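K.L.:
Sequence and computational prediction follow.
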Amino acid sequence: MAAQETVDHKYVYDFAEGNKDLKDLLGGKGANLAEMTNLGLPVPPGFTITTEACQAYLATGREPDGLAGQIEAHLESLERGMGRRLGDPHDPLLVSVRSGAKFSMPGMMETVLNVGLNDRSVVGLAAQAGGNERFAWDSYRRLIQMFGKTVCEVPGEEFEHALDEAKRVRGTTSDLDLDADDLRGLVDAYKKIFLKHTGRDFPQEPREQLDLAIRAVFESWNAERAVLYRRQERIPADLGTAVNVVAMVFGNLGPDSGTGVAFTRDPASGAQGIYGDYLANAQGEDVVAGIRNTVPLQDLERLDKRSYDELLAIMARLEGHYRDLCDIEFTIERGKLWMLQTRVGKRTAAAAFVIAGQLVDEGLIDLDEALHRVNGAQLAQLMFPRFQLDHDFEPVAKGVGASPGAASGKVVFTSARAVELAAEGEAVILVRRETNPDDLNGMIAAKGILTSRGGKTSHAAVVARGMGKTCVSGADEIDVNVPAKRFSVAGQTVTEGDVVSIDGTTGKVYLGEVPVTPSEVVRYFEGTLDPDEADDALVRAVHRIMTHADAARRLAVRANADTGADAARARRFGAQGIGLCRTEHMFLGDRRELVERLILARTDTERSDALAALLPLQRDDFVEIFREMDGLPVTVRLIDPPLHEFLPPLEQLAVDVAVAQERGEDVAKEEALLAAVRRMHEENPMLGLRGVRLGLVIPGLFAMQVRAIAEAAVRVTREGGSACPEIMVPLVGAVQELETVRAEAEKIIAEVVGDSGVEVLIGTMIEVPRAALTAGQIAEAAQFFSFGTNDLTQMGWGFSRDDVEGAFFWRYLELGIFGISPFESIDRDGVGRLVRIAAEEGRAARPELKLGVCGEHGGDPESVHFFHSVGLDYVSCSPFRVPVARLEAGRAAVETVGSDSR
Ligand code: PEP
Ligand code: MG
């Protein structure tokens, strides 16, 4: 038998072994630490345990074979490199253990600092720090606190109480006033708390501390808040996190030490410059948690010019290297700068456009890349309205504009209350001193977030920006009292339920509800703001990128519009025609009575009278739309909904008739109506008498509509315009249905159009699965297909589109059966496959067949990419989403490889 060779799978990478493209394996943090190490930047040495190790651990509940040995080997090499050993009582090495998934999940998972400290090495640490005992004991108590809380689930408040008690005894409110003895006492108190909750002493063996911390980081992938965040951000649940074990450097060794975060450009506006926060004599978590008030990064120039200059040079180098906005965490240990993290930074929607434009100007990226770096969801955010301010509205406070937008709502102080009121349909503003990851539910439910502490990089700010939610942070004039459910500001008290308005762009806070004004970007799209004259960098950037998207895209973009006003608006937004003009609403209002006559007609004359009365009304509707869409195609869909929608509700009518009969009134007419309504009653109206079925059952109905369309087109053309109608038959499942309607329609069209030059196309919706599967046959009778993905989803899945989303989709989302409602984003595998089959088979039968989509998916960014890949000619969506679809169609055209724009 051949000797069995076992080669360990590689689970641990030294920083020198990785690079920025290994995010899947090393997580974002690990991959970028490796990249910086290889760029020769000052990164503390360390290694990364891969996401594969985490996946294996989560699948089996134990560390995979070989992992322990690989950690040992890398630890030894780290110890050799640093000339220090973990746990050495004289000169200890300490490490941090940090999570780092492929996609950034700020504050969602665990970190443990100062691993390696115990009762003996704490003494060595004091010696290392030049006899600074206070520092050593402070580090030790932080380890017990973090380790206890994250690794052993000891309630964090117990540690907080012990710390408060130590401060009380010392007669102070600041941690900094506690001396070495106080902190030594606090370590004893913390150890007792640890013992009480875990039944064991705080582990003194450094390697055990390390292993338990690594395991806790693995497990934190499945912590409730991390699961919730992933769902919100659509991050797949099976990626796992990497774990970074890094030699500790200390920002809390005295005034010549400190820690900070920085951005290479303003992540809110995109403006160039130096943005960041610095906190002297502190550890990194203090900045991110927004616990102490930071100073602007510029102040570092005064405090430590050498480190400041070095940092600026590194930031410029990183931007050039990543060709993008970077965010950075750094620590200065006694005048020596260390880079602890970098990544391509999250940014607001506005900053995404502005920065993409700037980077093109700077020659770092081309326009295709700029287009790739923005997306439709961001553009949609920029189209939100902003506050309309005049002298009546004076802000009561001003904080940091942490995430832009304008939000008004009722004040709530807890995440739970935010969720409760939002479920009742209320707009709420979550007000906190600062947020922490436990507030995530409330942040999702709220319209906006207001905090009295923390800067642009506080938890509230980072998470809100990621969600595209309005946030004002660090409004320190506001004194928040959560238990009393109120805050005070400028001598006034605001209690739960009072309305406030917050402006996430300016950071201003207003009492009461402030009216809103449309966005500049919308004004630009509407043509009332000239991008060349706008002094707004955002509008210019949007214009430039949209122009490129329009030039690049292959998909045309039309709008779903059924009034002249909607058509006009759609056209201003760049629609290249109407992809769906629903005619149902044209039968409502004061025309309802005519429709009732049509349905109840007992003789041909009664029916044709009703139709004759409807004809001119319909014709005028179409004239208005054709005029607005002069020269562009307009797809008019023949009437679709179930007829009972035009009749009184059955139950009500039955009661009315019974009551009238009881009173002996003459109810002959009502009885006839009731009989008709009973006849038309359907158990499943969405699967019943609608669409083409209706056209085939009620003689003259479709004919009247076809005539109205053709006459309107002729009239507009005779006026000197150009009408391009496309008549669309709904709910076709068999080619025979379409052929029957088409034969009648063609006769009418020929008769009406004569020699006017008007050309009318006839096509069909593909919205019944059978139509998709017999598309080859149907194409023989259709000049175009338009995919009705709403019905196709309904009938493809068997999901009633009016019911299921509210009824049980939450459970399907929770179980991960789908990550997003298939009514919102096309289900590529199932419904999308029907679209693909129909497109291929339709085109095979009739190569010049025009293909479009007019279901809601036509304006959904992800779905637009799918429709591009299937080879459709256009997407059609609601007017407001037209710019989003234009942008995404452009992105789809320039992204030949799969997009990863998170
Ligand atoms: C569709 O089914 O996708 C469609 C566009 O038609 P409606 O939504 O009117 O049924
Ligand atoms: Mg439909």
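P.N.:
Perfect, thanks for sending it. Ligands and ions are numbered 1, 2, ... in the order given.

K.L.:
low-scoring stretches of the stretch 501-650 of the chain, by residue?
P.N.:
534-535 (pLDDT under 70).

K.L.:
any idea where the helices of it begin and end?
P.N.:
Using DSSP state H, counting those that start in this stretch, the helices of the stretch 501-650 of the chain run over 520-526, 537-552, 564-572, 592-600, 604-628, 650-662.

K.L.:
so which of these comes closest to residue 788?
P.N.:
Proximity to residue 788 (CB to CB) singles out helix 564-572 among those, at 18.7 Å. C-beta: built from backbone N, CA, C; applies to glycine.

K.L.:
what's the angle between that closest one and helix 604-628?
P.N.:
Counting by axes from the mean of the first three to the mean of the last three CA atoms, to 10 degrees, helix 564-572 lies at 30 degrees to helix 604-628.

K.L.:
ok, and what's touching helix 564-572?
P.N.:
525-527, 558-559, 561, 578, 624-625, 627-629, 632, 634, 879, 882 (CB atoms under 8 Å, 6 or more residues apart in numbering).

K.L.:
Looking at the stretch 1-150 of the chain, what residue ends up closest to ligand 1?
P.N.:
Among the residues of the stretch 1-150 of the chain, residue 103 lies nearest to ligand 1; the distance is 32.3 Å by CB to the nearest ligand atom.

K.L.:
ok so, going back, between the helices of the stretch 501-650 of the chain, which one is closest to ligand 1.
P.N.:
helix 564-572 (14.8 Å).

K.L.:
Report the backbone C-alpha coordinates of the closest one in PDB.
P.N.:
Listed next in PDB are the C-alpha coordinates belonging to helix 564-572 (Å, rounded to 0.1, in the frame of the first residue of the first chain):
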ATOM      1  CA  GLY A 564     -50.700  62.600 -20.500                       C
ATOM      2  CA  ALA A 565     -49.200  64.000 -17.400                       C
ATOM      3  CA  ASP A 566     -47.300  60.800 -16.500                       C
ATOM      4  CA  ALA A 567     -46.200  60.500 -20.100                       C
ATOM      5  CA  ALA A 568     -44.800  64.000 -20.100                       C
ATOM      6  CA  ARG A 569     -43.000  63.500 -16.900                       C
ATOM      7  CA  ALA A 570     -41.600  60.100 -18.100                       C
ATOM      8  CA  ARG A 571     -40.300  61.800 -21.200                       C
ATOM      9  CA  ARG A 572     -38.500  64.500 -19.200                       C
END
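
K.L.:
Report the secondary structure element holding residue 358.
P.N.:
helix 349-361 (DSSP states H and E).

K.L.:
tell me which residues in that helix are buried?
P.N.:
Buried residues in helix 349-361, counted by 16 or more other CB atoms under 10 Å: 349-360.

K.L.:
quick one: which two of those residues are the most distant?
P.N.:
349 and 360 (17.7 Å).

K.L.:
returning to what we had before: any chance of the helices of the stretch 501-650 of the chain in a markdown table, with mean neighbour count and distance to residue 702 too?
P.N.:
Below are the helices of the stretch 501-650 of the chain laid out as a markdown table (neighbours: other CB atoms under 10 Å; distance: least, CB to CB, whole Å):
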| stretch | mean neighbour count | distance to residue 702 |
| --- | --- | --- |
| helix 520-526 | 20 | 36 |
| helix 537-552 | 20 | 37 |
| helix 564-572 | 20 | 22 |
| helix 592-600 | 18 | 12 |
| helix 604-628 | 18 | 10 |
| helix 650-662 | 13 | 26 |
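
K.L.:
Tell me which of those helices lies nearest to residue 254.
P.N.:
Per CB to CB, nearest to residue 254 of these: helix 537-552, 41.8 Å.

K.L.:
Please work out which residues outside the closest one touch it.
P.N.:
269-271, 350, 353-354, 356-358, 360, 367-368, 370-371, 374, 379, 382, 520-521, 524, 529, 531, 534, 574, 883, 886-887, 889-891, 893-894.

K.L.:
how about a cut-off of 7 Å?
P.N.:
By CB atoms under 7 Å, 6 or more residues apart in numbering, the residues outside helix 537-552 that reach it are 350, 353-354, 356-357, 367, 370-371, 374, 520-521, 524, 529, 531, 534, 883, 886-887, 889-891, 893-894.

K.L.:
One more: stretch 652-659?
P.N.:
So stretch 652-659 is contacted by 667, 670-671, 673-674, 677 (CB under 7 Å, 6+ apart).

K.L.:
of all the residues you listed, which comes closest to residue 777?
P.N.:
Of the contacts of stretch 652-659, the one sitting nearest to residue 777 (CB to CB) turns out to be residue 677, at 36.6 Å.
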